[in-house]
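**Student:** Give the three-dimensional model of this entry:
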Amino acid sequence: MRSFALAVLTLVLALAGCAADHAASSSASPPAGSCKVATNGEIAALFDRWNESLQTGDPHKVVANYAERSILLATISNKPRLTVTDKEDYFHYFLQDRPSGKIDFRFLELGCNSAVDAGVYTFTFARTGVVVKARYTYTYRWDGTQWLITSHHSSAMPEKE
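**Tutor:** Predicted structure coming up:
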């Protein structure tokens, strides 16, 4: 009986350790059982927040829109950007041409503590005058305080349909 109790205690401690590791690894997660469901307008405004951060010309301010654990699959880079440093490096280059985005078509999907904004946008680059249409997908997660980008994929539109 004593060895059974010891085995149960070991299992409980191991599970508690796993739960603590999980809690530590999920940065600023919402409280258990809470569910934040956004409105269409709230999620649409997140693109405006991101676009306004582009206007600052500061890569650090742009990357502040992304969750710590997130991926950027950018239009003009073949490299998946996973770290803050990788994302800031990309935006340092991207911001040089002073981009400004405009949503042309949007599809929103709202969930519990998550949302998807996908569609088509157009970027105008003030320094060069170049205009680029691209497809995009942003996924967002509510961290208990704010919505942050967990994945951002952008790809230039094909020349022919």
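**Student:** Need the pLDDT of the nearest residue to Thr39 once chain neighbours are set aside.
**Tutor:** Nearest residue to Thr39 in three dimensions, chain neighbours excluded: Leu110, at 7.7 Å (C-beta to C-beta, 6 or more residues apart in numbering). (C-beta placed from N, C-alpha, C; glycine too.) With respect to pLDDT, Leu110 has a value of 97.
**Student:** Leu9 now?
**Tutor:** pLDDT, Leu9: 35.
**Student:** any low-confidence regions in the chain?
**Tutor:** Scanning the chain for pLDDT under 70 picks out the ranges 1-31, 160-161.
**Student:** quick one: the helices in it?
**Tutor:** 2-25, 40-55, 59-63, 84-94 (DSSP state H).
**Student:** Let me see the contact set for Ser53.
**Tutor:** Taking C-beta atoms under 8 Å, 6 or more residues apart in numbering as the criterion, Ser53 is in contact with 61-62, 64-65.
**Student:** give me that answer again for 7 Å
**Tutor:** 61-62, 65 (C-beta atoms under 7 Å, 6 or more residues apart in numbering).
**Student:** how about CSV for those, with distance to Glu159 and neighbour count added?
**Tutor:** CSV is the format used below for the contacts of Ser53 (distance: C-beta to C-beta, whole Å; neighbours: other C-beta atoms under 10 Å):
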residue, distance to Glu159, neighbour count
Lys61, 33, 17
Val62, 28, 24
Asn65, 30, 23
